[in-house]
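Visitor: Sequence and predicted structure are below.
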Amino acid sequence: MKRYYSIFALALVFLISCAPQEEAATIKQWYKGNLHTHSYWSDGDDFPEMIMDWYKSHEYDFVVLSDHNALAEGEKWKLLPKSPSHELGFQKYLDKYEEEVEYREDSVGRIEVKLKTLTEYAPMFEEEGEFLIIQSQELTDSFDKKPIHLNVTNIQEKIEPQGGNSVSEVMQRSLDKVKAQRDSTGIPMFLHINHPNFVWAITPEDIIALEGERFFEVYNGHPQVHNYGDSLRPSMEVLWDKVQAAYLQANKPLLYGLAVDDAHNYHVFDENSSNPGRGWVMVLSESLETGSLVEAMERGDFYSSTGVTLDEIDFDGETLSVEVAAEAGVDYTIQFFGTKKSNPEASGIMLKEEQGESASYKLEADDMYVRAKIVSSKLKENPYQLGDTEVAWTQPVIGN
């Protein structure tokens, strides 16, 4: 099911500008992954093994469990809620993993289950080159009753909430802690900003103030995160472009957009539940190894999707080209967005729109950056919002 491509067909500007011309083509591969998921280790409603089985059986290549201020380590017993869906879920768990399940029942019939740690459940699913589980934590903090949630991909040691005197300071302190852990361990990891519009907690200005942030969620599958904004507050895409323009004006790196599930609910699938399978990233990497995946994402060698698959993304330093792996009977609109240097306040204008399965945009001298959005006519199965169609987003690029 995986596709292989020459780096020269799909390289982004950062690779092309650095690669010697005589160097042989490096074969890279697309890997599908989800970077935001919850289990019984915090406020998800299923066991880690059942969740890993869902993602692996649905052709994901890598996944995380990013539970709130928790790593899946040490002893933890989960008291199961008394509800038909949770009781049915437990029975499915027993049916599948009975010999490995440790549980007990109290005097009033309530069931507690000992949760498997990462070191216990990972070997049950991981296969070299086929499926990888990456350790993660949703670093959960707040300021002035505003929830500030930040995921740390490939975290090695749990980080406690850092607090602060503003939303930006809370996030910056967390960023600094992740950088310190990365520097001390030498292990690649990154922090990304979760669902800024959840309870309208994080504004564009809060993100603009940060030093060292590279990733945020342009799409989150939880039904309460306000991906599309409202009449007074920006959508995630509008926020992205506003921050992007400000970052480039301040000589900061590009900000990359992730699509994630933020799955909590695995028993009931509907528009009111936070289910798996809504958003993911496709990473172009040399291998299915954590370090390789993290480094590829830091180069911008990935796109985000709710269903659209891309055959090719090519940027030669001047022109961004996109080709869709089209499905029969589905129409596609390819849009290019950017901001003009001469008018940075008008961020995120549509630079070009084409109907079809492929399109390209050549940056003009006045363009700060360009990114592509691919919108299909195919309705999204179990969508974030009723009526959503499948979409993909490429990462922004800047000209030579």
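Guide: That came through fine. Quantities reported herein were computed from a predicted structural model and do not represent experimental measurements.
Visitor: Can you pull out the low-pLDDT segments for the stretch 301-400 of the chain?
Guide: Of all residues in the stretch 301-400 of the chain, none has pLDDT under 70.
Visitor: For D331, what are phi and psi?
Guide: Main-chain dihedrals, D331, degrees, to the nearest 10: phi -100, psi 150.
Visitor: mind giving me the domain ranges of this protein?
Guide: Listed domain ranges for the chain are 4-76+115-394, 77-114 (source: automatic domain parsing).
Visitor: residue ranges with poor pLDDT in this structure?
Guide: Ranges of the chain meeting pLDDT under 70: 1-25.
Visitor: ok, the residue located most distally from the centre of it to F190 distance?
Guide: Farthest-out residue of the chain from its mean C-alpha position, per CA atoms, centre = their mean: S107, at 42.9 Å. Distance, S107 to F190, using CB to CB, to the nearest Å: 47 Å. Any C-beta I mention is one placed from the backbone N, CA and C, and that applies to glycine too.
Visitor: which residues of the stretch 201-350 of the chain fall in helices?
Guide: Secondary structure of the stretch 201-350 of the chain (DSSP state H, counting those that start in this stretch): helices at 204-208, 236-249, 290-298.
Visitor: out of those, which comes closest to S342?
Guide: Closest to S342 of the helices of the stretch 201-350 of the chain is helix 236-249 (CB to CB; 11.8 Å).
Visitor: Can you point out the buried residues in that closest one?
Guide: Neighbour counts over helix 236-249 (16 or more other CB atoms under 10 Å) mark M236, E237, L239, W240, D241, K242, V243, Q244, A245, A246, Y247, L248 as buried.
Visitor: okay but the fourth one is in contact with G257, surely?
Guide: Yes - W240 sits in contact with G257 when judged by CB atoms under 8 Å, with a separation of 5.5 Å.
Visitor: who touches both of those two?
Guide: Taking CB atoms under 8 Å, 6 or more residues apart in numbering as the contact rule, W240 and G257 both touch F216, V218.
Visitor: thinking again about what came up before, now the helices of the stretch 201-350 of the chain in JSON lines, with distance to T119?
Guide: Shown next, in JSON lines, are the helices of the stretch 201-350 of the chain (distance: least, CB to CB, whole Å):
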{"stretch": "helix 204-208", "distance to T119": "35"}
{"stretch": "helix 236-249", "distance to T119": "35"}
{"stretch": "helix 290-298", "distance to T119": "15"}
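Visitor: can you tell which of these is closest to W54?
Guide: Of all these, helix 290-298 sits nearest to W54, with 20.3 Å by CB to CB.
Visitor: could you say what helices and strands the closest one packs with?
Guide: Counting contacts by 3 or more CB pairs under 8 Å, 6 or more residues apart in numbering; DSSP states H and E, helix 290-298 is packed against strand 27-34, strand 132-143, strand 190-193, strand 280-285.
Visitor: Centre of the chain to that helix, how far?
Guide: 13 Å (CA atoms, centre = their mean, to the nearest Å).
Visitor: buried stuff in that helix?
Guide: For helix 290-298, burial by neighbour count (16+ other CB under 10 Å) applies to T290, S292, L293, V294, E295, A296, M297, E298.
Visitor: mind listing what the second one touches?
Guide: Under the criterion of CB under 8 Å, 6+ apart, the neighbours of S292 are S285, E286.
Visitor: before we move on, what about F143?
Guide: Contacts of F143 (CB under 8 Å, 6+ apart): G163, G164, N165, S166, V167, E169, V170.
Visitor: Widest-spaced pair of those residues?
Guide: Largest separation among the contacts of F143 by CB to CB: G163 and V167, giving 11.5 Å.
Visitor: Among these two, which residue is more densely surrounded?
Guide: Counted by other CB atoms under 10 Å, G163 and V167 do not tie: V167 has more neighbours, with 22 against 13.
Visitor: which residues does the more buried one contact?
Guide: When contacts are counted by CB under 8 Å, 6+ apart, V167 touches F143, D144, K146, I148, A201, I202, T203, D206.
Visitor: List just the nearest of these to E73.
Guide: The closest of the contacts of V167 to E73 turns out to be I148 (CB to CB; 23.8 Å).
Visitor: contacts for stretch 373-388?
Guide: Stretch 373-388 is contacted from outside by 219-223, 227-228, 237, 269-271, 275, 277-279, 306-308, 310, 322, 324, 327, 330-337, 389-394, using CB under 8 Å, 6+ apart.
Visitor: swap in stretch 305-314?
Guide: 3, 5, 9-12, 219, 259, 278-282, 303, 320-325, 332, 358, 372, 374-376, 378, 380-381, 383-384, 388, 390-394.
Visitor: Among the residues you listed, which ones are in strands?
Guide: Counting by DSSP state E, those place 5, 219, 259, 280-282, 303, 320-324, 332, 358, 372, 374-376, 378, 390-394 in strands.
Visitor: Please indicate which of these are buried?
Guide: Buried members of the ones in strands among the contacts of stretch 305-314, counted by 16+ other CB under 10 Å: 5, 219, 259, 280-282, 303, 320-324, 332, 372, 374-376, 378, 390-394.
Visitor: so how far is V218 from N197?
Guide: Distance, N197 to V218, using CB to CB: 11 Å.
Visitor: go on, S85?
Guide: S85 sits 31 Å away from V218, going by CB to CB.
Visitor: Can you tell me which of the contacts of V167 are classed as buried?
Guide: Among the contacts of V167, the ones that count as buried by 16+ other CB under 10 Å are F143, K146, I148, A201, I202, T203, D206.
Visitor: quick one: which of those residues is nearest to S184?
Guide: Closest approach to S184 among the buried ones among the contacts of V167 (CB to CB): I148, at 23.8 Å.
Visitor: secondary structure class for the closest one?
Guide: I148 carries the three-state label strand when classified by DSSP: H, G, I helix; E, B strand; the rest coil.
Visitor: contacting residues around it?
Guide: Neighbours of I148 in contact, by CB under 8 Å, 6+ apart: T140, D141, S142, V167, V170, M171, A201, I202.
Visitor: Hmm, S235 and N227 touching each other?
Guide: Yes - in this structure, N227 is within contact of S235 by CB under 8 Å, at 6.6 Å.
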